[in-house]
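Enquirer: quick check, what structure comes out for this input:
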Amino acid sequence: MSSLQDQDAAAAAYEDVRNDTSDTIWTVLKYDGKVIVEGGSGTDYSEFLEQLEDGERVYGYVRFETGDEMSRRAKFAFITWIGPSVGALKKAKVSTDKAFVKAVWTQFGKEILADEKSEVKYDRILKTLEAASGAAYGTGK
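Expert: The predicted structure is shown next:
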């Protein structure tokens, strides 16, 4: 049985982040006891970072704009956060539950597993996505 409480809500939040006309750039799923529930969405990356607390397990889907002056495009990161104070049993549960989330959040350029805030700095993830996206034909300006 899936730990993901409301797949329809998770799918709607995912589609909102993917929608080119929406201002929403992130959404998260969090644990409420043993089940995964929608944890919110937002328009600013700093708000996303606030969701990543030391005792939390969070699945995040985030939109980044990559490219250069010749080609701008959206790239998406699937971020799994396991806070540094999460116990071993709860950490282990994340590995099996992630499959339920990935069945709904299917399209992303990079998957990132993080347990330190330095691993989810905006510029760091952006560079990872840009490296994965292939050739850049612009002048770099």
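
Enquirer: all helices for this structure, in order.
Expert: 7-18, 45-50, 88-102, 122-132 (DSSP state H).

Enquirer: so which elements touch the second one?
Expert: Identification of packing neighbours for helix 45-50 by 3 or more CB pairs under 8 Å, 6 or more residues apart in numbering; DSSP states H and E yields strand 26-32, strand 57-68. Where C-beta positions appear, they are placed from N, C-alpha and C, glycine not excepted.

Enquirer: just say which of these is most tucked in.
Expert: With neighbours taken as mean count of other CB atoms under 10 Å, those reach their highest mean count in strand 26-32, at a mean of 22.

Enquirer: and it, which strands flank it?
Expert: Using DSSP bridges, the strands paired with strand 26-32 are strand 35-42 (antiparallel), strand 57-68 (antiparallel).

Enquirer: adding distance to E15 and mean pLDDT, write the helices and strands packed on helix 45-50 out as CSV.
Expert: Below are the helices and strands packed on helix 45-50 laid out as CSV (distance: least, CB to CB, whole Å; pLDDT from 0 to 100):
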stretch, distance to E15, mean pLDDT
strand 26-32, 10, 97
strand 57-68, 10, 92
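
Enquirer: out of the ones you listed, nearest to S46?
Expert: strand 26-32 (10.3 Å; CB to CB).

Enquirer: what's the angle from the closest one to helix 88-102?
Expert: Interaxial angle, strand 26-32 versus helix 88-102 (axes from the mean of the first three to the mean of the last three CA atoms, to 10 degrees): 130 degrees.

Enquirer: what about this structure, any weak spots by pLDDT?
Expert: Low-confidence segments of the chain (pLDDT under 70): 1, 133-141.

Enquirer: against G42, how distant is K75?
Expert: Here K75 is placed at a distance of 18 Å from G42 (CB to CB, to the nearest Å).
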